[in-house]
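Undergrad: Just a sequence and a predicted model for now, questions to come.
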Amino acid sequence: MKTFALHTDRLRLRKLGEHDLDALVELDSDPEVMRFINDGVANSRALYRNSLLPQMLAWSADDPVGFYAAIHEREWIGWFHLRPSIADQAALELGYRLRRAAWGRGLATEGARALASFAVDELRPPSIDGCARPDNLASITVLQKCGLSYVDNRIHPRAPIEVVFYRAAPEAIVRGAWRRED
């Protein structure tokens, strides 16, 4: 079975695997990365091994829905996801988490636009959505650059935090270049 992967101009997005555990733990060990997730508290290796990683690997390696490792210039820089929405199981939710070294370089927007475009082109969901903490202006900007518009504030059902919820119909998605890995 081949692992599903996409490319953009600067990123390779391949499905996460168990071999990504060390990188995931390292990513979440940075308090700045986790500032808007767990108020700066790292997710432990045990939490990843026993709960988070199995949830992230719930989709098969050849299923385009799920979590993707983001590789830039052969370096693991974080992850992106397309998964069923918290608001509508027919819709897809866009999300990501990147190392601080990757911030401010347009990589989050590039990866998010590519996944949203791929979803619209190939998976045809009724909408794409995403959410962020209200004070996470960088992530809100990425959602807006993808064409998503503000819907409301709500409590995230997977974590007891307030988020701003954004959504876009397929025709509103700002297109990003992507290609499947051969």
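TA: Received the coordinates, thanks. Keep in mind the model is a prediction, meaning the values are calculated, not measured.
Undergrad: Output the top strand by length along the chain in CSV with nothing but the alpha carbons.
TA: For the chain, the longest strand by residue count, based on DSSP state E, is strand 75-84. Extracted in CSV, the C-alpha atoms of strand 75-84 (Å, rounded to 0.1, in the frame of the first residue of the first chain):
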residue,chain,number,x,y,z
GLU,A,75,13.3,18.8,7.1
TRP,A,76,10.2,17.8,9.1
ILE,A,77,8.6,21.1,10.0
GLY,A,78,5.2,20.1,11.4
TRP,A,79,1.9,18.8,10.2
PHE,A,80,-1.3,19.7,8.4
HIS,A,81,-4.7,17.9,8.5
LEU,A,82,-7.9,17.5,6.6
ARG,A,83,-10.4,15.7,8.8
PRO,A,84,-14.1,15.6,9.4
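Undergrad: Which positions in that strand come out as buried?
TA: Buried residues in strand 75-84, defined by neighbour count with 16 or more other Cβ atoms under 10 Å: 76, 77, 78, 79, 80, 81, 82, 83. Any C-beta I mention is one placed from the backbone N, CA and C, and that applies to glycine too.
Undergrad: and what of stretch 48-66?
TA: 48, 52, 53, 56, 57, 59, 64, 65, 66.
Undergrad: Max pairwise distance over those residues: which two?
TA: 48 and 64 (23.1 Å; Cβ to Cβ).
Undergrad: Identify the bridge partners of residue 7.
TA: For residue 7, the beta-bridge partners are residue 12, residue 179 (DSSP bridges).
Undergrad: now, which of the buried residues of strand 75-84 sits nearest residue 39?
TA: residue 78 (19.2 Å).
Undergrad: quick one: contacts for that closest one?
TA: Contacts for residue 78 were tallied using Cβ atoms under 8 Å, 6 or more residues apart in numbering; they are 27, 69, 70, 96, 97, 98, 99, 102.
Undergrad: distance of the closest residue to the last one other than its chain neighbours from residue 112?
TA: By that I understand residue 102. Excluding the flanking residues, the one nearest residue 102 by Cβ to Cβ, 6 or more residues apart in numbering is residue 77, at 4.3 Å. As judged by Cβ to Cβ, to the nearest Å, residue 77 and residue 112 stand 14 Å apart.
Undergrad: next one: residue 178
TA: Residue 178 is 11 Å from residue 112, by Cβ to Cβ.
Undergrad: okay, these two: which has more neighbours?
TA: residue 112 (25 against 22; other Cβ atoms under 10 Å).
Undergrad: so the more buried one is in which element?
TA: helix 107-118 (DSSP states H and E).
Undergrad: Columns pLDDT, secondary structure and distance to residue 153 on top of the buried residues of stretch 48-66, output as CSV?
TA: Below are the buried residues of stretch 48-66 laid out as CSV (pLDDT from 0 to 100; DSSP: H, G, I helix; E, B strand; the rest coil; distance: Cβ to Cβ, whole Å):
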residue, pLDDT, secondary structure, distance to residue 153
48, 94, helix, 29
52, 94, helix, 25
53, 94, helix, 30
56, 95, helix, 26
57, 94, coil, 31
59, 92, coil, 29
64, 93, coil, 30
65, 95, coil, 26
66, 96, strand, 27
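Undergrad: Lovely, talk soon.
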